[in-house]
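Peer 1: my questions are about this predicted structure, shown below with the sequence.
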Amino acid sequence: EAGVTQFPSHSVIEKGQTVTLRCDPISGHDNLYWYRRVMGKEIKFLLHFVKESKQDESGMPNNRFLAERTGGTYSTLKVQPAELEDSGVYFCASSQDRTSGRGLILAKNIQYFGAGTRLSVL
Amino acid sequence: AQSVTQPDIHITVSEGASLELRCNYSYGATPYLFWYVQSPGQGLQLLLKYFSGDTLVQGIKGFEAEFKRSQSSFNLRKPSVHWSDAAEYFCAVGFYNQGGKLIFGQGTELSVKP
């Protein structure tokens, strides 16, 4: 079974340019998460898709970031225009969709992570 | 605010020595607790998890962790470290009603001396 795939593995762009990161989750996983790690800091949550719908985008830093998951399969994260502080490693994770009796998505759903995309904005 | 603290940014141990990586969280209720490891060029791999029950949990690669409610801690241990354990280790917590998102500590980089 293929794992979570992210590409590119590394992207170097200049300030003001646009970059699009892609994540292919494990087949059949309805939950897809984006996280980011800025150098020297902790990994931080960006947003969460359930199929094609954004369940939680509370971690998105600003409106320069746009995430999509058309058709509920792969997802893209676009940064436009990129700023220096956007540099870091962007991780994608996916999990199966299991909910509680009250319909809450459980944190017990194990998240499988990709290797990340290292973004360098110069 | 909910937070996870890994106080040791970098640890170096000799091969064969024991290892303990510390993790503390701040939250009133018991969260779901995880330890992940990232080797160079790889994604984060789940080592072990704690949801409830026995507070000592066993994971892959000979790792274990103990949940201590009174100390809000979930420290990771291994009795004898191998050179292949050199990697970065992340403690993370999740919560019942927050859609599965994880809150991570800053990570601890482990180096292993021959």
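Peer 2: Noted; the coordinates are in hand.
Peer 1: so where's the chain uncertain?
Peer 2: Answering for chain A, as no chain was given. For chain A, applying pLDDT under 70 flags the ranges A:1, A:98-107.
Peer 1: sorry, should have said chain B
Peer 2: B:28-30.
Peer 1: if we go to 80?
Peer 2: Within chain B, the segments meeting pLDDT under 80 span B:1-2, B:27-30, B:96-99.
Peer 1: close to chain A: what parts of it are there?
Peer 2: Chain B comes close to chain A at residues B:4, B:31-32, B:36, B:41-46, B:49, B:51, B:90, B:92, B:94-107, as judged by Cβ under 8 Å from any Cβ of the partner chain. Backbone N, C-alpha and C define where each C-beta goes, glycine included.
Peer 1: among these, which are in strands?
Peer 2: B:Val4, B:Tyr32, B:Tyr36, B:Gln45, B:Leu46, B:Lys49, B:Phe90, B:Ala92, B:Gly94, B:Leu102, B:Ile103, B:Phe104 (DSSP state E).
Peer 1: out of these, flag the one nearest to A:Ser58.
Peer 2: Nearest to A:Ser58 among these, counting by Cβ to Cβ, is B:Ile103 at 12.1 Å.
Peer 1: list the residues that contact that closest one.
Peer 2: A:Phe45, B:Gln2, B:Ser3, B:Val4, B:Tyr25, B:Ala92, B:Val93, B:Gly94 (Cβ atoms under 8 Å, 6 or more residues apart in numbering or on different chains).
Peer 1: I'd like the distance between A:Lys108 and A:Gly72.
Peer 2: 22 Å (Cβ to Cβ, to the nearest Å).
Peer 1: could you do A:Ile43 as well?
Peer 2: 24 Å.
Peer 1: more neighbours: those two, which one.
Peer 2: Using other Cβ atoms under 10 Å in any protein chain shown, the more surrounded residue of A:Ile43 and A:Gly72 is A:Ile43, with 26 against 15.
Peer 1: beta partners for the closest residue to that one other than its chain neighbours?
Peer 2: Setting aside the residues directly before and after it, A:Ile43 is nearest to B:Phe104 in space (Cβ to Cβ, 6 or more residues apart in numbering or on different chains), at 4.0 Å. For B:Phe104, the beta-bridge partners under DSSP bridges are B:Ala92.
Peer 1: now the strands for chain A?
Peer 2: Going by DSSP E, chain A shows strands at A:5-7, A:10-13, A:19-24, A:31-37, A:43-50, A:53-56, A:65-68, A:75-79, A:88-95, A:112-113, A:117-121.
Peer 1: contact partners for the residue nearest the centre of chain A?
Peer 2: By Cα atoms, centre = their mean, chain A has its centre lying nearest to A:Trp34, at 2.2 Å. For A:Trp34, the contacting residues are A:Cys23, A:Phe45, A:Leu46, A:Leu47, A:His48, A:Ala67, A:Ser75, A:Leu77, A:Tyr90, A:Phe91, A:Cys92, by Cβ under 8 Å, 6+ apart.
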